[in-house]
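1. model this:
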Amino acid sequence: FKAHLAGIAPDVLKQYEGRVDEMPGVFALMPPMPGALDAFRELSTLFDTYILSTAPWRNPSAWQHKVEWVHLHLGIEEGTPAHKRLILSHHKNLNRGHFLVDDRPMHNGADKFDGKVVAFGSKKYPNWEAVTAFLRKRA
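-> Residues are numbered from 1 along each chain as shown. Here you go, the predicted structure:
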């Protein structure tokens, strides 16, 4: 994440130290994680797949930038895999599904999700390749 902040003025970085996710525009700077787009595209052919994310409450631009990020990287047109499949919520447990892939499985209701939580970045699921292999077997 820090590599994506290289072009930001030092005084702005200092102002948001310890809470970088509240920095306006920060979510527009993030490139996709390695394998994430291919994983989503494949999984969307196997499951009724949604992107469930949380946007920082104190960063209103994050809500817009997350939608724009999905448009940019997964398509905006009807028929693209993420078309109208983005849910932004601070209460992930209010959503239904068989699986939730989450890099913060103990936050924002992910720990109360009524289904299997796949802890992205853990030893068992360190990357998108491992996550996709696990889910592919359950399709």
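2. show me what contacts Arg58?
-> Arg58 sits next to Arg19, Glu22 when contact means Cβ atoms under 8 Å, 6 or more residues apart in numbering. For the C-beta atoms, the positions are set from N, CA and C on the backbone; glycine is no exception.
3. what kind of secondary structure is it in?
-> Look at Arg58: counting by DSSP: H, G, I helix; E, B strand; the rest coil, its state is coil.
4. Then the one 3 residues further on?
-> In the three-state summary, Ser61 is assigned as helix, counting by three-state DSSP.
5. quick one: it and Glu22 touch, right?
-> No: assessed by Cβ atoms under 8 Å, Ser61 is found out of contact with Glu22, at 9.8 Å.
6. so where do the strands sit in this protein?
-> Counting by DSSP state E, the chain has strands at residues 51-53, 86-88, 99-102, 116-119.
7. In JSON lines: those strands, plus distance to Leu43.
-> Below are those laid out as JSON lines (distance: least, Cβ to Cβ, whole Å):
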{"stretch": "strand 51-53", "distance to Leu43": "11"}
{"stretch": "strand 86-88", "distance to Leu43": "15"}
{"stretch": "strand 99-102", "distance to Leu43": "9"}
{"stretch": "strand 116-119", "distance to Leu43": "11"}
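8. Cool, thanks, talk later.
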